[in-house]
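>>> Predicted model follows, preceded by the sequence.
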Amino acid sequence: MASAYYSLQTSSSSLLSSHASNRVNAAINVPKLPKINFSSSSLPKIPTKLEVDDFRFVDTATPLLHKNFNNNQLNQQQQNQHSNNKSLVELYAILEAVSDRIEMHQNVADQRDNWNTLLLNSINMITLAATTMSALAATTEPLLALKLSSALLFSGATGMLLIMNKLQPSQLTEEQRNATRYFKQIQSEIQTTLALGNATEEDVKSAMEKVLAVDKAFPLPLLGVMLEKFPSKFEPAVWWPSTKSNKKSQNKNMMNNNGWSEDLEMELREIVQVLKRKDSEDYERLGNIALKMNKALAIAGPLLTGIAAAGSVFLGNDNSSWAAMVPLVAGSLAAAINTFEHGGQVGMVFEMYRNSGGFFKQLESSIESTLEESDLERRENGQVFEMKVAMKLGRSVSQLRELALKSVSSRMEGIDVDEFASKLF
């Protein structure tokens with residue numbers, strides 16, 4: 001019994017030792033894992049409830065918003081650059097057209113000036129030749145050949161004078177000279193815009209309107225669109241497009257007034273009043289005088305050559321001396337009047353007054369439209385604009401201000417200003 005108990009204890013202890021040995025072996029055979037060091041700085045921060053509520057979507061949405069903003073900004077820059085490039089190309093195209101117009105108007109002006117000279121000399125030679133034949137026919141035995149020749153020459157001179165007086169070549173020449181000058185101004189403005197490199201669609205539109213306005217004011221063709229040479233009333237020339245200003249409620253920020261002030265606005269308004277009361281009114285008076293004189297001369301010349309043609313036909317039918325004197329006197333007066341009208345270029349003088357009146361009207365319109373613009377930032381710089389007005393009138397800035405003060409004092413005293421605004425013409 002004891003031996004059995006001993007053997008049972010022995011087998012049990014051996015079994016336990018065997019199990020312990022296996023457990024140790026199993027622990028030894030497990031591979032080692034790499035050692036990982038954790039620190040408080042490497043651990044993620046656990047947000048509080050407030051942080052979670054306030055910034056729940058920021059971490060995911062902010063990069064996307066930045067990306068969209070950058071894309072929109074890039075697209076906007078590309079669109080602006082594309083628009084700027086398009087405006088530059090369009091301005092260059094308009095510049096080429098303006099250069100071509102300058103050349104055309106210069107050539108046409110030279111051609112019509114030649115017309116005036118050639119027609120004047122030809123008509124005078126024809127008229128004097130017919131007058132000489134009439135004198136020969138009156139002093140000698142009346143000859144049919146001399147009478148018919150003088151009558152035909154006087155009739156031809158009458159027809160040529162009617163055409164010449166209708167066209168007024170000297171006035172046509174002055175129109176083309178003015179068109180050339182205004183196209184050169186547009187050319188200079190476009191070149192300045194291109195040099196600055198900030199061309200916009202508004203610049204393109206403005207240049208196009210100016211070109212078309214000059215085309216309308218000084219047409220090249222003679223048939224259909226030629227300007228009326230003998231209008232019923234003197235009216236200044238208009239070669240600029242109409243301007244539309246912003247007349248909304250004025251909100252002038254004097255902290256950023258773009259060079260403008262109330263004193264400057266009052267000064268320019270006084271200049272406009274002087275232009276209207278003195279310069280424009282005086283040139284309108286002179287223009288009407290030139291128009292009436294040109295009308296009278298244009299009628300008198302053909303009328304006298306016609307009378308001379310009729311008088312030369314009846315030479316020899318009446319022995320009285322006064323009948324023989326009719327073609328001689330009429331022909332001589334016709335040549336003198338034709339020389340005074342076209343040699344003195346009365347039509348050109350009328351066009352000069354018309355153009356000068358238009359200059360003052362344009363200056364008045366420019367000042368008024370600028371002052372009516374409520375947004376000061378959209379105006380041209382006030383000091384620069386004042387200098388431009390002074391230069392156009394042939395004055396310095398100080399002289400322009402003195403004229404405005406004189407206008408104010410004259411109006412308060414109830415008398416008119418004793419000088420013109422322009423010192424150029």
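In hand now; what should we look at?
>>> in which helix or strand would I find the spatially most central residue of the chain?
The centroid of the chain falls nearest to Lys210 when counting by CA atoms, centre = their mean (3.6 Å). Applying DSSP states H and E as the criterion places Lys210 in helix 201-217.
>>> Which strands or helices does that helix pack on?
The helices and strands touching helix 201-217, judged by 3 or more CB pairs under 8 Å, 6 or more residues apart in numbering; DSSP states H and E, are helix 58-139, helix 169-196. All C-beta atoms are positioned from the backbone trio N, CA, C, and that covers glycine.
>>> Which positions within stretch 343-356 qualify as buried?
Going by neighbour count (16 or more other CB atoms under 10 Å), the buried part of stretch 343-356 is 345-356.
>>> just to revisit the earlier point, for the helices and strands packed on helix 201-217, which one sits closest to Leu161?
helix 58-139 (6.0 Å; CB to CB).
>>> Could I get the average pLDDT for that closest one?
Averaged across helix 58-139, pLDDT comes to 79.
>>> Enumerate the positions of stretch 275-287 that are buried.
275, 277-280, 282-284, 286-287.
>>> Kindly report the same for stretch 199-208.
Neighbour-count burial for stretch 199-208 [16+ other CB under 10 Å]: 199, 203-204, 206-208.
>>> could those residues be laid out in a markdown table, adding distance to Pro169 and pLDDT?
A markdown table is the format used below for the buried residues of stretch 199-208 (distance: CB to CB, whole Å; pLDDT from 0 to 100):
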| residue | distance to Pro169 | pLDDT |
| --- | --- | --- |
| Ala199 | 40 | 86 |
| Asp203 | 37 | 90 |
| Val204 | 36 | 93 |
| Ser206 | 34 | 92 |
| Ala207 | 31 | 94 |
| Met208 | 31 | 95 |
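>>> Show me the buried residues of stretch 343-356 that map onto helices.
Residues of those located in helices (DSSP state H): 346-356.
>>> mind checking how far Glu174 is from Met133?
36 Å (CB to CB, to the nearest Å).
>>> correction: Glu373
69 Å.
>>> Just want to know which of those two has more residues nearby.
More neighbours surround Met133 than the other of Glu373 and Met133, with 25 against 18 (other CB atoms under 10 Å).
>>> so who does that one touch?
146, 149-150, 153, 312 (CB atoms under 8 Å, 6 or more residues apart in numbering).
>>> go on, Tyr283?
Neighbouring residues of Tyr283 by CB under 8 Å, 6+ apart: 236, 353, 356-357, 360.
>>> try Ala310
Neighbour list for Ala310: Ala151 [criterion: CB under 8 Å, 6+ apart].
>>> what does Gly331 give?
Contacts of Gly331 by CB under 8 Å, 6+ apart are 127-128, 130-131, 134, 154, 304-305, 308.
>>> 7 Å - rerun?
Applying CB atoms under 7 Å, 6 or more residues apart in numbering, we find Gly331 in contact with 127, 130-131, 134, 154, 308.
>>> tell me which element it is part of?
helix 321-338.
>>> Could you pull out the buried residues of that helix?
324, 326-328, 330-331, 333-335, 337-338.
>>> Just the C-alpha atoms of that helix, please, in PDB.
Backbone C-alpha positions of helix 321-338 (Å, rounded to 0.1, in the frame of the first residue of the first chain) are rendered in PDB as follows:
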ATOM      1  CA  SER A 321     -22.600 151.600-126.300                       C
ATOM      2  CA  TRP A 322     -24.200 150.300-123.100                       C
ATOM      3  CA  ALA A 323     -25.200 147.000-124.800                       C
ATOM      4  CA  ALA A 324     -21.600 146.400-125.800                       C
ATOM      5  CA  MET A 325     -20.400 147.200-122.300                       C
ATOM      6  CA  VAL A 326     -22.600 144.500-120.600                       C
ATOM      7  CA  PRO A 327     -20.400 141.400-121.400                       C
ATOM      8  CA  LEU A 328     -17.200 143.300-120.800                       C
ATOM      9  CA  VAL A 329     -18.200 144.600-117.300                       C
ATOM     10  CA  ALA A 330     -20.000 141.400-116.300                       C
ATOM     11  CA  GLY A 331     -17.100 139.200-117.400                       C
ATOM     12  CA  SER A 332     -14.500 141.300-115.600                       C
ATOM     13  CA  LEU A 333     -16.600 141.300-112.400                       C
ATOM     14  CA  ALA A 334     -17.100 137.600-112.600                       C
ATOM     15  CA  ALA A 335     -13.400 137.000-112.800                       C
ATOM     16  CA  ALA A 336     -12.700 139.300-109.900                       C
ATOM     17  CA  ILE A 337     -15.400 137.700-107.700                       C
ATOM     18  CA  ASN A 338     -14.300 134.200-108.600                       C
END
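>>> what's in contact with stretch 409-422?
271, 274-275, 277-279, 393-394, 403, 406-407.
>>> so how far is the helix holding Lys210 off the chain centroid?
From the chain centre to the centre of helix 201-217 is a distance of 5 Å (CA atoms, centre = their mean, to the nearest Å).
>>> quick one: contacts of it?
83, 87, 90-91, 94, 97-98, 179, 182-183, 186, 190, 193, 237-241.
>>> Could you measure from the nearest residue to Leu376 once chain neighbours are set aside over to Glu380?
Take Leu376 and drop its neighbours on the chain: the residue closest to it by CB to CB, 6 or more residues apart in numbering is Asn258, 4.7 Å away. Counting by CB to CB, the separation of Asn258 from Glu380 is 8 Å.
>>> same deal with Val397?
15 Å.
>>> Met293 now?
In terms of CB to CB, Met293 sits 41 Å off from Glu380.
>>> Give me the pLDDT for Thr48.
49.
>>> Same question for Ile190.
Looking at Ile190, the pLDDT reads 94.
>>> Can you get me a residue count around the nearest residue to Thr180 once chain neighbours are set aside?
Spatially, and ignoring its direct neighbours in sequence, Thr180 is nearest to His105 (4.4 Å; CB to CB, 6+ apart). For His105, the count of nearby residues is 23 (other CB under 10 Å).
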